[in-house]
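generate coordinates for the sequence data below:
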Amino acid sequence: MQSLWNDSEAATFGNDPLGQRVYTSRLLGRNPELVLHGGGNTSVKVTEKDFFGDSVDLCYVKGSGWDLATIERAGFSPVRQEALIKMSKLATMSDEDMVLQQRAAMTNPNAPAASIEAILHAILPFKFVDHSHANAISALTCSADGEARVKEIYGNRVIIVPYVMPGFILAKTIADLIAGRDLKKEGIQGMVLLKHGLFTFDDDARKSYELHIEMVTQAEEYLAKKAGSAAKAAAAEVKPDLMALAKLRQVVSKKRGFPQIARLSTSAAAVTYSTLPNVADSGARGPLTPDHSIRTKRIPAVLGEDHDASVQKFADDYAAYFTKHANGQTMLDAAPRFAIWPNNGVVSFGDTLKDANIVADISESTAATVTLAEQTGGWQPLSDKDIFEIEYWDLEQAKLRKGPARKVHQGKVALVTGCAAGIGFAIAESLAEQGAQVVGLDIDKDIPEIMKKIGAIGIVVNLTEDQPVQDAIDFAVREFGGIDIVVSNAGIFPKNDPLDTMVQTDWDRTLMINLTSHQKLMNKVIPYVKQGIDASIIFVGSRNFKAPGPGASAYSCSKAALTQLCRVAALELAPHKIRVNIVHPDAVFDTKLWTPEALLKSATRYNMTVEEYKTKNLMKVEIKSKDIGNMVSAMASPLFAKVTGAQIPVDGGNDRVI
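Numbering: from 1, shown residues only. I've put the predicted structure just below:
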């Protein structure tokens, strides 16, 4: 551990206690080996004037829902010290009453709900209090001799607290431990909560923070010395079976009840963890800290040769775990949140990419810490009963229930071709808006930046070349676990030439891009789509397939053939429950192809104004790229769950087609 304190940076947060509290909280939050995704909490005690000008002692404590890495002043809840001290003297207190009374004691009702550890922060007789779930402290204390190790390292500098339930029970336990003592006179600088975390405190923000860094460093050094030559070198690079990964994601998604993003980690820590000889045992004993169980469940799945059977075993074991400890609760889904894939690494699952990344961060920390603990005396986390109490603790479950409603394509992975502009971009955007993780392929060199605008991944690919297409598909599967939606949109519109004067290369190029590249894509992507969730393939055709125009033979024939390709694909893939449909746009003018000059020229040819030309369909409405994007998104949704082989026109009505 290294102190990140910087005088110049600290000054930008202000010299007042709350400003310094924000700064040092962020320093803790910057280090994932100390806290992850909302973990840990900090506080500062101040005296302020209330609305009426009276002095009031406050404990500004981290608010629920805030992350230490990004916390601001508004993320701290101002709670009256007097009320928190009174609560600590009660014999018992329900969780509901604790939350209610902490809220009632706040001087700003618009502030977030105070941390469940607010009472504990209040009773510690120091201005600044820092709490983390440091990996090194977990590795140190999650062992048979955890308490002896703490005494050996820290002596009388810390209070050792046996594990008890967080919240009021923990605050009450510590209140009893420190009753009648003068911690400052005794030289007490922190507390180690066995199998939970570390507290440090001081009347100076920097000293409290740097005490934290110092004590975690001592734990790291102790463990490193104890590990000695047992510490392994970086794991070799692995090449996982991507089809097996896609199948695993499909199985977990079905067990979860929703499509899941699956993130495969093949880092040195993850692979080393997955190669531990006893990983099926050590990897399935419990989390680093009880808080993690809310995100990861108590343990991961450990995969065997048959991934289906492994996931089912996890589900059966989880149901037994629930039955053993439940007392009126309703069981959560029995799908794993991450899986140890022996010799390949760790796979993390989530409803969204953000959720999967959070689980991945926790699983990475778990991998490194459990490996270290096994090398230094054995990994012995909390009992399953203790973890159950946290996993099903209503105060923690409430945090998860606050999430937004699910989007139509949430958790799905969509591959869209030809999406640098126009219809293709609108399709990618609509899918992303409805929750899909989009991977866009285009020959345009700017596609990575273009896709960033919608939170998607863009890859420069010439779709007529086999290996780059295969590499892009493999990337999507490796990065997100599979592919559920494919929108085959790439195409060109060559210059209009009659058959007797057309240059042969124009015909060949048009057929290669507008037809053969789609066939090549299908050949490579369908095996993965067969492992998708509610899988769907959508082609983008054209009105020209039914109503061609003179001089457009190459374009019209390629779109007609593409329609036939769609029909054949629908016949072949229906037994696999994969829907294949095609959308036929017409007269979509808000694209790069249609400049104001080109529009005026075409309108003049028809003796129309530009506005008349743009709405020259039966309904007299303008068709925009976004209309096509929204239709394609709908076609990939449950609205079209029982539709395949369909040809959907989006043209406002064309008399020649009708």
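
any regions of this structure where pLDDT drops low?
When residues are selected by pLDDT under 70, those of the chain lie in 229-236, 396-403.

now with 50, please.
Along the chain, segments meeting pLDDT under 50 are nowhere present.

how does it divide into domains?
7-230, 242-401, 413-588+623-650 (automatic domain parsing).

in this structure residue 122 contacts residue 81, no?
Yes - with contact defined as Cβ atoms under 8 Å, residue 122 and residue 81 form a contacting pair (5.6 Å). (C-beta placed from N, C-alpha, C; glycine too.)

give me the more crowded residue out of these two.
When neighbours are counted by other Cβ atoms under 10 Å, residue 122 and residue 81 differ, and residue 122 comes out ahead with 30 against 18.

can I take it that the more buried one is in a helix?
Yes - under DSSP: H, G, I helix; E, B strand; the rest coil, residue 122 falls within a helix.

please tell me how far it sits from residue 187.
Between residue 122 and residue 187 the distance is 22 Å, computed by Cβ to Cβ, to the nearest Å.

same check on residue 459?
When distance is defined by Cβ to Cβ, residue 459 is 59 Å away from residue 187.

one more: residue 425?
The spacing between residue 425 and residue 187, counted by Cβ to Cβ, is 64 Å.

who has more neighbours, those two?
When residue 425 is set against residue 187 and neighbours are counted by other Cβ under 10 Å, the residue ahead is residue 425, at 27 against 9.

and for the nearest residue to residue 612 once chain neighbours are set aside, the neighbour number?
Once its chain neighbours are removed from consideration, residue 612 has its nearest residue in residue 603; the separation is 6.9 Å (Cβ to Cβ, 6 or more residues apart in numbering). If you count neighbours by other Cβ under 10 Å, residue 603 ends up with 17.

need the contact list for residue 603.
Residue 603 makes contact with 609, 610, 612, 613 under the criterion Cβ atoms under 8 Å, 6 or more residues apart in numbering.

by neighbours, which of the residues you listed wins?
residue 613 (18 neighbours).

for that residue, which three-state class applies?
Reducing the assignment to helix, strand or coil with three-state DSSP, the entry for residue 613 is helix.

contacting residues for it?
When contacts are counted by Cβ under 8 Å, 6+ apart, residue 613 touches 599, 602, 603, 606.

which among those end up buried?
Among the contacts of residue 613, those that count as buried by neighbour count (16 or more other Cβ atoms under 10 Å) are 602, 603.

tabulate the contacts of residue 613 (CSV), appending distance to residue 372 and secondary structure.
CSV is the format used below for the contacts of residue 613 (distance: Cβ to Cβ, whole Å; DSSP: H, G, I helix; E, B strand; the rest coil):
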residue, distance to residue 372, secondary structure
599, 66, helix
602, 69, helix
603, 72, helix
606, 75, coil
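
how about JSON lines for the contacts of residue 613, with distance to residue 440 added?
Listed next are the contacts of residue 613 as JSON lines, based on distance: Cβ to Cβ, whole Å:
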{"residue": "599", "distance to residue 440": "27"}
{"residue": "602", "distance to residue 440": "29"}
{"residue": "603", "distance to residue 440": "32"}
{"residue": "606", "distance to residue 440": "35"}
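
what is the nearest of the contacts of residue 613 to residue 496?
Closest to residue 496 out of the contacts of residue 613 is residue 602 (11.3 Å), distances taken as Cβ to Cβ.

in the stretch 151-300 of the chain, which spans are helices?
For the stretch 151-300 of the chain, the helices defined by DSSP state H, counting those that start in this stretch cover 168-178, 183-186, 205-227, 242-256, 268-274, 279-282, 293-296.

and of the ones you listed, who's closest to residue 90?
Put simply, out of the helices of the stretch 151-300 of the chain the one that sits nearest residue 90 is helix 168-178, at 8.0 Å, with distance taken as Cβ to Cβ.

for the closest one, packing partners?
helix 81-88, helix 118-123, strand 158-161 (3 or more Cβ pairs under 8 Å, 6 or more residues apart in numbering; DSSP states H and E).

show me what counts as buried in the helix or strand containing residue 364.
Under the assignment given by DSSP states H and E, the secondary-structure element containing residue 364 is helix 353-375. Neighbour counts over helix 353-375 (16+ other Cβ under 10 Å) mark 353, 355-356, 358-375 as buried.

what helix or strand is residue 348 on?
According to DSSP H and E, residue 348 maps onto strand 345-350.

no wait, residue 48
Assessed by DSSP H and E, residue 48 sits inside strand 41-49.

for that strand, buried residues please.
For strand 41-49, using 16+ other Cβ under 10 Å, the buried residues are 41, 42, 43, 44, 45, 46.

go on, stretch 276-290?
For stretch 276-290, burial by neighbour count (16+ other Cβ under 10 Å) applies to 276, 279, 282, 283, 285, 286, 287, 288, 289, 290.

make a markdown table out of those residues and add distance to residue 382.
Formatted as a markdown table, the entries for the buried residues of stretch 276-290 read as follows, by distance: Cβ to Cβ, whole Å:
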| residue | distance to residue 382 |
| --- | --- |
| 276 | 20 |
| 279 | 19 |
| 282 | 15 |
| 283 | 15 |
| 285 | 9 |
| 286 | 6 |
| 287 | 8 |
| 288 | 10 |
| 289 | 9 |
| 290 | 6 |
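
now, which of the residues you listed sits nearest residue 200?
Scanning the buried residues of stretch 276-290 for proximity to residue 200, where the rule is Cβ to Cβ, the winner is residue 289, at 16.6 Å.

could you double-check that the closest one sits in contact with residue 132?
No - taking contact to mean Cβ under 8 Å, the distance of 9.5 Å between residue 289 and residue 132 leaves them out of contact.

hmm, back to that, give the residues shared as contacts by residue 122 and residue 81.
Between them, residue 122 and residue 81 have 45, 59 as joint contacts when contacts are counted by Cβ under 8 Å, 6+ apart.

can I get stretch 589-605 as PDB, trimmed to CA atoms?
Extracted as PDB, the C-alpha positions of stretch 589-605 are listed here (Å, rounded to 0.1, in the frame of the first residue of the first chain):
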ATOM      1  CA  PHE A 589     -33.400  10.300 -46.800                       C
ATOM      2  CA  ASP A 590     -31.700  11.300 -43.500                       C
ATOM      3  CA  THR A 591     -28.500   9.500 -44.500                       C
ATOM      4  CA  LYS A 592     -25.000  10.500 -45.800                       C
ATOM      5  CA  LEU A 593     -26.000   9.300 -49.200                       C
ATOM      6  CA  TRP A 594     -28.700  11.900 -49.600                       C
ATOM      7  CA  THR A 595     -27.100  15.400 -49.600                       C
ATOM      8  CA  PRO A 596     -29.400  18.400 -50.000                       C
ATOM      9  CA  GLU A 597     -28.200  18.700 -53.600                       C
ATOM     10  CA  ALA A 598     -29.000  15.000 -54.400                       C
ATOM     11  CA  LEU A 599     -32.500  15.400 -52.800                       C
ATOM     12  CA  LEU A 600     -33.200  18.500 -54.900                       C
ATOM     13  CA  LYS A 601     -32.000  16.800 -58.100                       C
ATOM     14  CA  SER A 602     -34.300  13.800 -57.500                       C
ATOM     15  CA  ALA A 603     -37.300  15.900 -56.500                       C
ATOM     16  CA  THR A 604     -36.900  18.000 -59.600                       C
ATOM     17  CA  ARG A 605     -36.900  14.900 -61.800                       C
END
